[in-house]
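Visitor: sequence first, predicted model second:
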Protein chains: 2
Amino acid sequence: MIKCVKCEQVDSIMKAGYVRGRQRYLCKSCNYYFTHSEKDPSILSLQKRKRHQTTIIDIARSLGVSNSTVSRALHDHADISPETRQAVLEKVTQLDYQPNQLAYNLVKSRTNTIGLIAPEFQNPFFPNVIIGAHEILTQAGYNLTIMQSNESYQVEVSNAKAMLANRIDGLIISLTQETNNFEHLNVFAKRGIPLILFNRVCKQVDVPKVVVNDFEASFQAVEHLILNGYERIAHLGGPLNLLVSQERLRGYKAAMEKYGKTIESHMIIQGMLTQQKARIYGQYLLDLADRPDAIFAVNDSSAIEIMLMAKEKGISIPDELGVVGFSDNPESVYIGPGLTTVRQPTLEMGRTTADWILQLIDSDDAELPEKKILKTELIVRGSSARKKVF
Amino acid sequence: MIKCVKCEQVDSIMKAGYVRGRQRYLCKSCNYYFTHSEKDPSILSLQKRKRHQTTIIDIARSLGVSNSTVSRALHDHADISPETRQAVLEKVTQLDYQPNQLAYNLVKSRTNTIGLIAPEFQNPFFPNVIIGAHEILTQAGYNLTIMQSNESYQVEVSNAKAMLANRIDGLIISLTQETNNFEHLNVFAKRGIPLILFNRVCKQVDVPKVVVNDFEASFQAVEHLILNGYERIAHLGGPLNLLVSQERLRGYKAAMEKYGKTIESHMIIQGMLTQQKARIYGQYLLDLADRPDAIFAVNDSSAIEIMLMAKEKGISIPDELGVVGFSDNPESVYIGPGLTTVRQPTLEMGRTTADWILQLIDSDDAELPEKKILKTELIVRGSSARKKVF
DNA sequence: AAAACTATCGGGAACGTTTGCGGATACGTT
DNA sequence: AACGTATCCGCAAACGTTCCCGATAGTTTT
């Protein structure tokens, strides 16, 4: 027999449909709806899984004080007696209390966490930037959560969304090669969440940026090749939607023009520089009828790929082909001949971005320059030293 | 004139001390204490900074429905009419609503986030593991937050604490060279939070581990040296509190014993292998009266450091000195002669750890093997090829 | 002895969600 | 009509903190 859960009557009960698969009843006498809940044991066991973590409330209760007192004791607040604080602290270790940062974050609406999105981890460049940023941020008491967009615009957007949803206090990001739309970044501006771009930056988002002097670096690299007697210099560049690529192309052209070299469009390739692509482009360049006598590549891995292909084809480096890369990867020292390349101050870049994001967080109207341009260094090695430099 | 905030009387007010720097009053007639709060404008401006993010409540209010309805609409819950859902969804884009993951996490007491702590990012090893883990986790809808312990036990502990406080759903960790105490990890077991160790593991924590076959790899490496005619083989190992180091030492000894080579303790060095230390140890080994004719180093950077020092000293490789490293860093291919080394399946290691942690999360009693041992591969190059291998 | 001050502590709202359960209505079916 | 069924929605309690306001007792100053 079904009893009304309110008036405990039995005879005035009538069925009243189903709700979520469970029989529904209506007690006519007290006009009360209810469902007869024979708890599904499987569901119960599922619930059981949620373990109880000791909370501030547990401590308060076991000590006979209020939550606020415990909270104060934990935060060295002034309004607390040494004895109570001591008692709380003891209870904390005894009950193995671990504060719930989620609740803290919710009420403070800050997370003490900085997000960082990098497009790839294959090359040592981004890991090194991370090391630099990590150093500054942990020192300032911030956590750093890192995501990897994997050179995919889609992933970048979803990463940014996740960061936003998790209410990070600031975002440091370097764009993917695909990124052409910047709505997902402008959201941060709208929300007033500090944002810094580095390395792979764009003009469309009006936030501080940290980059290297790509134009000059590129100019110097190409100039260096020219001064070493190379004539037909090809440029293996990145995708042109990246400012980095544009700047490096500009530097290349500027140097070529300065020394009266003709700029030939079939000597300039812009594209996504995966290792595979690098092989294809290298093949193309090295098989040209008017084969270039030097190549300035946008990263070291492409440059090395080309060096290897040249060796296969019996083209001697640096006599028949000069090669300059970009980034100074560890392997560039050891390849024979050593790869001339542009060293980037990765650690400093990381430190600067971290430093800036902290400034933006600390003061609403921090007056940051719109851009910081870090100095690179041309590391001359054998791959471009036709005129024996060392 | 001061009015009582309750009874609005004026004459029965008396001063009653200060509270936190503000004048306190007592209304005699209604026996009510209060402070006269002329809000400090500077504090107000500080408050103002907290921007309002549109919440579910905003949407509910502007639509004239309840919070629960909005919540249901956002989660494709059954109890919602298509029209209401549509209306909510429109409002969402209109008001630019972004769910607050913090609140969600708090009520669900899960974060959909996996933590990963790695000791360093200098070598490509850990970044590569991260790539693998990242791939699996994002695919499964989890976020990955990465911390770097910087080879410091202290930092590792504080990282683990932060992870715990942030209520991650699982932790993947590789220990620092310093880590000898494991309390910070046992906490996870106590709390029932899934934990996986990889690479730098230890016996003292009873959770699944993912490693490579260090013993065999080491054995093969040393055996390879012996078969190439090297006699006095030194071992440059890592700190012995790491199982990795112990295993590799064991493999070294086993191979030496198998071929009847005497194991001399002054030929075995165990220590933290920073680049600086590697130079010191290398100096020591190469200056020994009974200089080793081969060195098996625990990582590639040390091995390369030694190769460079040997070159400086005019010791020819591989004729006078054989060198074998560990990890197959990118540069190891290019150094001359190429460095013989042990290639580790980094991506697979990352994928496996991620896969396992997901299994642990999904089912309370997932039966995982206590250890997975991934296969390595000995990459033979010139640095050990006295008997021209290629 | 009133007034002012100090040192502690508790109550309870707020942070933004989810969700179990009750209530209401519309639409069938006897 | 009377009843059964299905659909949709709102209420309110969590989740675990922080912190603003009081409240109280004791001490010191005037």
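Guide: Nice, I can see it. Residues are numbered from 1 along each chain as shown, chains lettered A, B, ... in the order given.

Visitor: surely residue A:353 and residue A:194 touch.
Guide: No - Residue A:353 is not in contact with residue A:194 according to Cβ atoms under 8 Å; the separation is 10.8 Å. (Glycine included, C-beta is placed from N, CA and C.)

Visitor: which one's more surrounded, these two?
Guide: Applying other Cβ atoms under 10 Å in any protein chain shown to residue A:353 and residue A:194 shows that residue A:353 carries more neighbours, namely 29 against 24.

Visitor: list the contacts of the more buried one.
Guide: Applying Cβ atoms under 8 Å, 6 or more residues apart in numbering or on different chains, we find residue A:353 in contact with A:129, A:133, A:172, A:196, A:198, A:210.

Visitor: what about those, which are in helices?
Guide: Among these, the residues falling in helices (DSSP state H) are A:129, A:133.

Visitor: which members of the contacts of residue A:353 are classed as buried?
Guide: The neighbour-count criterion (16 or more other Cβ atoms under 10 Å in any protein chain shown) marks A:129, A:133, A:172, A:196, A:198, A:210 among those as buried.

Visitor: for the residue nearest in space to the middle of chain A, which non-adjacent residue is spatially closest?
Guide: Within chain A, one residue has its C-alpha closest to the average C-alpha position: by Cα atoms, centre = their mean, that is residue A:117, at 1.2 Å. Distances taken as Cβ to Cβ, 6 or more residues apart in numbering or on different chains put residue A:173 closest to residue A:117, at 4.4 Å, once the chain neighbours are dropped.

Visitor: how many neighbours does that neighbour have?
Guide: Residue A:173 sits with 30 neighbouring residues when counted by other Cβ under 10 Å.

Visitor: tell me who's in contact with it.
Guide: For residue A:173, the residues meeting the contact criterion (Cβ under 8 Å, 6+ apart) are A:115, A:116, A:117, A:118, A:156, A:160, A:185, A:195, A:196, A:197, A:198.

Visitor: could you redo the last one with a cut-off of 10 Å?
Guide: Contacts were defined as Cβ atoms under 10 Å, 6 or more residues apart in numbering or on different chains; by that measure residue A:173 touches A:115-119, A:147, A:149, A:156, A:159-160, A:163, A:179, A:184-185, A:188, A:195-201, A:205, A:207, A:353.

Visitor: with residue A:230 instead?
Guide: With contact set as Cβ under 10 Å, 6+ apart, residue A:230 has these partners: A:222, A:224, A:261, A:292-296, A:318, A:321-322, A:324, A:384, A:386.

Visitor: in ChimeraX, how would I select the buried members of those residues?
Guide: The following ChimeraX selection, which keeps only the buried ones among these, applies the criterion 16+ other Cβ under 10 Å:
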select /A:222,224,261,292,293,294,295,296,318,321,322,324,384,386
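
Visitor: show me which pair in the contacts of residue A:230 is furthest apart.
Guide: A:261 and A:318 (17.8 Å; Cβ to Cβ).

Visitor: rewinding a little: can you list the contacts of residue A:353 in JSON lines and add distance to residue B:76 and pLDDT?
Guide: Listed next are these as JSON lines, based on distance: Cβ to Cβ, whole Å; pLDDT from 0 to 100:
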{"residue": "A:129", "distance to residue B:76": "40", "pLDDT": "97"}
{"residue": "A:133", "distance to residue B:76": "38", "pLDDT": "96"}
{"residue": "A:172", "distance to residue B:76": "34", "pLDDT": "98"}
{"residue": "A:196", "distance to residue B:76": "36", "pLDDT": "97"}
{"residue": "A:198", "distance to residue B:76": "38", "pLDDT": "98"}
{"residue": "A:210", "distance to residue B:76": "41", "pLDDT": "97"}
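
Visitor: farthest-separated two in the contacts of residue A:353?
Guide: Between any two of those, the greatest separation by Cβ to Cβ is 11.6 Å, found for A:129 and A:196.

Visitor: which residues do those two both contact?
Guide: Counting by Cβ under 10 Å, 6+ apart, the contacts common to residue A:129 and residue A:196 are A:116, A:172, A:174, A:210, A:352, A:353, A:354.

Visitor: show me which residues of the helix or strand in which residue A:189 is found are buried.
Guide: Using DSSP states H and E, residue A:189 sits in helix A:183-191. Residues of helix A:183-191 classed as buried: A:184, A:185, A:187, A:188 (neighbour count, 16+ other Cβ under 10 Å).

Visitor: beta partners of the closest residue to residue A:328 other than its chain neighbours?
Guide: Closest residue to residue A:328 apart from its sequence neighbours, by Cβ to Cβ, 6+ apart: residue A:343 at 4.0 Å. Beta-bridge pairing for residue A:343 (DSSP bridges): residue A:327, residue A:377.

Visitor: count the residues that sit near whichever residue of the stretch 101-250 of chain A sits closest to DNA strand C.
Guide: Nearest residue of the stretch 101-250 of chain A to DNA strand C (Cβ to the nearest atom of the strand) works out as residue A:107 at 3.4 Å. Number of residues near residue A:107 (other Cβ under 10 Å) recorded here: 10.

Visitor: picking up where we left off before, quick check: neighbours shared by residue A:353 and residue A:194?
Guide: Taking Cβ under 10 Å, 6+ apart as the contact criterion, the common neighbours of residue A:353 and residue A:194 are A:114, A:170, A:172, A:208.

Visitor: overlap between the residues you listed and the residues near DNA strand C?
Guide: When Cβ under 7 Å from any atom of the strand is taken as the criterion, no member of those contacts DNA strand C.

Visitor: which of those residues fall within strands?
Guide: Secondary structure from DSSP state E places A:114, A:170, A:172 of those in strands.

Visitor: thank you, goodbye.
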